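Enquirer: Structure for the following, please:
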Amino acid sequence: MILALAYAFIAGLHTVYDFDMGWHLATGRYVVQHHAIPSTDVLSHTSPGAEWIYPPFAGVILYGIFSAWGCAGLSWFCALALVAMVACLLRRLSRRESCVAAVLAILAVPSTALRTTPRADLFTALFFAIFLTQLWSFHRSVGVISGDGLPTPSFQRERLLLWMLPLLMLFWVNLHPGFVAGLGLLIAYLLIESLDLLFPLRRQSALQRLRQAWLPLAATVVVTLFNPYGPRIYEASLLLAGVQRNGLPSTGLSVGELEAVPISLASMSQALHWRNPASSYWWMVLVAVTVVALAIWRRQLGAALLLAAALFVSLQHLRHAGLFSIVVVVVGSTIVTEAIASRTPRAAKLDATRSGALRWLPVTATCALCLLTSVRMVDLVTCRSYVESATPMVFGAGESWWFPERAAAFIQRERVPGNIFQNYDLGGFTAWRLGPTYGDFIDGRNVSPAVWIEQQELLNSPPDSSAWEAESNRRNVNILLFSLARISGVGSPSLMSLCQSRLWRPVYLDEVSIVLLRNRSENRPWIDRYEVDCRTHNFPPPLHASRMELSNFHANAGTVLWLMGRYSEAKESLDRALVISPEDPTIHLSLAQLYEAQQQLADAEREYLAALSAGGDLESTWYAVGRFYALHGRFAEARPFAVTATQLSANPSNEYSLLGTIDTSLRQPQKALIDYSKAEEAGKLWKGREDLNPQLFAQIAEGRAVAYAELGEWRRAIEFQQEATRITPGVAGRWRALALICEGAGQQQLAEQARQQALTLSNGVR
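Expert: Okay, here's the model as predicted:
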């Protein structure tokens, strides 16, 4: 138990990095400063006045902690919250039960640690653990009246403790929309007791418990209405779960943690990587399946259903792995302990007479578990786990390196007028760090799905396009803020397109961020003074930095230099980072891409494989290696990597599209068509708005066209290639491909029209 608590503390103590932390802090700041609870959007400049229903007091608590102790205080708060959660899971258990619970708690720590970050979801994880342990303890209490007609002391104690639930729910409903998980536990409890009524020996106890429990449980439901929004709070819970509103996605397009867990041999093989904390989830799955079988065998049908439901939900949504692990610890420890204790006398006698290695099995297993936990704690303290999993945090208290703090300080210091555009991931940071002076464009609350669509359309357009000019005029956008951090940034638009833009000029640049101002006369004082030349800009290393800080600096600077085409400087910086962190897969990946850009293919291949060896569970690395081999015509070698990438990815649309390209090149058009269908299915959240991810759907359409042409089905080939040109009308190569397909089909007039369009685009005429 001590080891479980120590592991929880070390796993919880890391730098804060969460994308959503910022808007929680900004909401708390608003409540404290205005003494009012917002019911409309007060953080963004794109959705002012839009209805916003979300419990505000988690933000108030986090804001209070930050005001007193900064980001370091938030790190310590999260670590202590995780320790409190594990302690709750181990409380008031028998000696034999606590041993099993401690083992399961150790396995559960990695999953629960993911939910104890500085955001409101932390309180759902903590209250869920308290609710479950209390309801489960009451269910296991003896409800049968003792010989003198009075309830047993344990039953009286558990009955009184049930009145703790309404009080906790009053806090929970005002802290996070996940309070509905608590209501789900109440329903699960009633179901478990109801199923016990089917068995005569348990019926009297079940009835006794139900009679005593209904009033506190009813009170727990009623207090959910005591919140600033009344019954409308349930709408927030549905939106958080990804339910659609007005036919538009609320959160599903942008929240990766709502994706399903990929189930494949490649993903389940993570269980074999014992030093990787992610393997613990699959161990918990194995435990859950075993416990469900034991519960059914012991006719504890309610417990079996609860565990099975928790397992199903965790497989459907990545974010629920922590709650699932809590259920396994609480329910699994009881079922396993009771199953061991209920062995027949003959089996117990045989166990007592066993000799040899079997007698030492418990000691051996205990030592192995202690060794495993100790190694994992050392890996966390030395940051090995964070580096290998490509996570933007390190052990200790404070703020993660990926936040664009210096860029925000520049914007605040210079007081540039106008609104800011930033992408979804930076929304929380912008709302907190630059608000309320500057509202964010979009943030993790996803108040307006229409704004999400607008953001995607802009990110898919060149910075000098008419789309950017029109939207900047409409929104009065005068400042662009982009992340260049190698793990959570470097997306669209490309860095070179930003550096060379005529509509926008870079005025601030460091190794993790870039700030641009609109190129107009009102901004000339700032542009003339601060304009950045991406060809010569220097990146001075930080003073008094730790080894990990230096490693991250050189890795980020090297990636930025590579994106700007300054290859020799990029290699020098990446080599320095590699000396400090030779096991970092992201550094190897950046080096591989640098070598590939210089056509040093042997060196690129070596670094791609080194990245794969260092971060073997990262689907992005498998995809990058498969793509490298495919781009250079080594399709047979590329296919196994692409297949593994599809098996590891939670949303394998790009991975299946790559696999389709490989199968087409291997002259397997039927397999390719299956691949493209799977790619389209994986991208179903974009259905109806393919223009928000045009490259993906254009690749799928073009790949299908090539496959059908290979099969001799020319009509369908033409249809799909025309679809590809419709989605990306400005890509000359797709028009040339259409011309070739039309020629093969004998459609000379269509071929000539496509060829003329390609020629027009190649000459720069639209």
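
Enquirer: From here on, just use CA atoms for contacts and neighbour counts.
Expert: Fine.

Enquirer: which element is Leu380 on?
Expert: Following DSSP states H and E, one finds Leu380 within helix 361-381.

Enquirer: Please point out which parts of that helix sit buried.
Expert: Within helix 361-381, the residues scored as buried using 16 or more other Cα atoms under 10 Å are 369-370, 373, 376-377, 379-381.

Enquirer: residue ranges with poor pLDDT in the stretch 151-300 of the chain?
Expert: In the prediction, the stretch 151-300 of the chain carries residues with pLDDT under 70 at positions 151, 240-257.

Enquirer: Tell me which residues touch the closest residue in space to Ala672 that isn't next to it in sequence, please.
Expert: Excluding its sequence neighbours, the residue lying closest to Ala672 (Cα to Cα, 6 or more residues apart in numbering) is Gly660, at 4.2 Å. Contacts here follow Cα atoms under 8 Å, 6 or more residues apart in numbering; on that basis Gly660 touches 671-676, 703.

Enquirer: Just to be sure, Gly660 is in a strand?
Expert: No. Gly660: not assigned to a strand; according to DSSP: H, G, I helix; E, B strand; the rest coil it is helix.

Enquirer: what's the spacing between it and Gln699?
Expert: Look at Gly660 and Gln699: by Cα to Cα, to the nearest Å, they are 10 Å apart.

Enquirer: Contacts for stretch 5-16 next, please.
Expert: In this structure, residues lying in contact with stretch 5-16 by Cα under 8 Å, 6+ apart are 71-72, 74-76, 78-80, 82-83, 86-87, 106, 109-110, 113, 116-118, 373, 377, 380-381, 393-400.

Enquirer: cool, stretch 517-535 as well?
Expert: Against stretch 517-535 from outside (Cα under 8 Å, 6+ apart): 478-480, 499, 502-509, 564, 566.

Enquirer: Quick check: Leu509 is in a strand.
Expert: Yes. Counting by three-state DSSP, Leu509 is part of a strand.

Enquirer: pretty sure it contacts Val515?
Expert: Yes. Judged on Cα atoms under 8 Å, Leu509 makes contact with Val515 at a distance of 6.5 Å.

Enquirer: Find the residues that touch each one of those two.
Expert: Listed as contacting both Leu509 and Val515 by Cα under 8 Å, 6+ apart are Ala407.

Enquirer: wait, what's in contact with the nearest residue to Ala737 once chain neighbours are set aside?
Expert: Spatial nearest neighbour of Ala737, chain neighbours left out: Gln721 (7.6 Å); criterion: Cα to Cα, 6+ apart. Residues near Gln721 by Cα under 8 Å, 6+ apart: 701-702, 704-705, 734, 737-738.

Enquirer: Give me the three-state assignment for Gln721.
Expert: helix.

Enquirer: hang on, the earlier thing: point out the other helices and strands that the helix holding Leu380 packs with.
Expert: Packing contacts for helix 361-381, counted by 3 or more Cα pairs under 8 Å, 6 or more residues apart in numbering; DSSP states H and E, involve helix 2-12, helix 384-388.

Enquirer: Lowest mean pLDDT across these, which one is that?
Expert: Mean pLDDT values for the helices and strands packed on helix 361-381 show the minimum at helix 384-388, a mean of 89.

Enquirer: starting at the chain centroid, how far to that one?
Expert: Chain-centre distance of helix 384-388: 17 Å, with Cα atoms, centre = their mean, to the nearest Å.

Enquirer: So which elements touch that helix?
Expert: On a contact count with 3+ Cα pairs under 8 Å, 6+ apart, helix 384-388 meets helix 361-381.

Enquirer: Check the average confidence over the helix it packs on, would you?
Expert: 89.

Enquirer: picking up where we left off before, so which of the contacts of stretch 5-16 sit within helices?
Expert: Members of these lying in helices (criterion: DSSP state H): 71-72, 74-76, 78-80, 82-83, 86-87, 106, 109-110, 113, 373, 377, 380-381.

Enquirer: Now do the helices in the stretch 401-550 of the chain.
Expert: Secondary structure of the stretch 401-550 of the chain by DSSP state H, counting those that start in this stretch: the helices cover 405-414, 427-433, 449-459, 466-475, 495-499, 524-530, 547-563.

Enquirer: So which of those helices is nearest Leu306?
Expert: Smallest distance to Leu306 across these (Cα to Cα): 34.2 Å, for helix 449-459.

Enquirer: That closest one vs helix 466-475, what angle?
Expert: Going by axes from the mean of the first three to the mean of the last three Cα atoms, to 10 degrees, helix 449-459 is angled at 140 degrees with respect to helix 466-475.

Enquirer: Buried only: go through the contacts of stretch 517-535 for me.
Expert: By neighbour count, with 16+ other Cα under 10 Å, the contacts of stretch 517-535 hold 478-480, 499, 503-509, 564, 566 as buried.

Enquirer: Can you tell me which of those is nearest Phe641?
Expert: So of the buried ones among the contacts of stretch 517-535, ranked by how close each gets to Phe641 (Cα to Cα), first place is Met564, at 28.6 Å.

Enquirer: ok, the closest residue to the closest one other than its chain neighbours - how many residues close by?
Expert: Nearest residue to Met564, sequence neighbours excluded (Cα to Cα, 6+ apart): Met496, at 5.8 Å. Residues near Met496, counting by other Cα atoms under 10 Å, number 13.

Enquirer: Tell me the spacing between Met496 and Phe403.
Expert: In terms of Cα to Cα, Met496 sits 21 Å off from Phe403.

Enquirer: Figure out the helix or strand that Gln156 lives in.
Expert: Assigned by DSSP H and E, Gln156 belongs to helix 153-161.

Enquirer: which strands and helices sit next to that helix?
Expert: Applying 3+ Cα pairs under 8 Å, 6+ apart, one finds that helix 153-161 contacts helix 121-140.

Enquirer: hmm, who's touching the helix it packs on?
Expert: Defining contact as Cα under 8 Å, 6+ apart, one finds that helix 121-140 is touched by 58, 78, 81-82, 84-85, 88-89, 112, 115-116, 155, 158-159, 161-162, 165, 168, 172, 175-176, 178-179, 181-182, 185-186, 189, 193, 206, 209, 322-323, 326-327, 330-331.

Enquirer: let's see it at 6 Å
Expert: With contact meaning Cα atoms under 6 Å, 6 or more residues apart in numbering, helix 121-140 is reached by 85, 115-116, 158, 178.

Enquirer: Out of those, which end up buried?
Expert: When the contacts of helix 121-140 are checked for burial by 16+ other Cα under 10 Å, the buried set is 85, 115-116, 158, 178.

Enquirer: Closest one of these to Thr27?
Expert: Comparing these against Thr27 with Cα to Cα places Gly178 closest, at 17.7 Å.

Enquirer: What does the closest one show for phi and psi?
Expert: Phi and psi for Gly178, reported as degrees, to the nearest 10, are phi -70, psi 0.

Enquirer: which residues does it contact?
Expert: By Cα under 6 Å, 6+ apart, the contact set of Gly178 is Thr124.

Enquirer: mind giving me the domain ranges of the chain?
Expert: According to automatic domain parsing, the chain comprises the domains 2-388, 405-530.

Enquirer: List just the one of those domains that sits closest to Ala614.
Expert: Shortest separation from Ala614 across these is recorded for domain 2-388, at 6.3 Å, computed as Cα to Cα.

Enquirer: and the helix or strand encompassing Ala602, which residues are buried?
Expert: Taking DSSP H and E as the definition, Ala602 sits inside helix 601-614. Buried positions in helix 601-614, judged by neighbour count with 16+ other Cα under 10 Å: 601, 603-605, 607-614.

Enquirer: Is it possible to get a markdown table of the residues you listed that adds pLDDT and distance to Gly428?
Expert: Formatted as a markdown table, those follow (pLDDT from 0 to 100; distance: Cα to Cα, whole Å):
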| residue | pLDDT | distance to Gly428 |
| --- | --- | --- |
| Leu601 | 95 | 40 |
| Asp603 | 96 | 39 |
| Ala604 | 96 | 36 |
| Glu605 | 96 | 38 |
| Glu607 | 95 | 35 |
| Tyr608 | 95 | 33 |
| Leu609 | 95 | 35 |
| Ala610 | 94 | 34 |
| Ala611 | 93 | 31 |
| Leu612 | 91 | 32 |
| Ser613 | 90 | 34 |
| Ala614 | 87 | 31 |
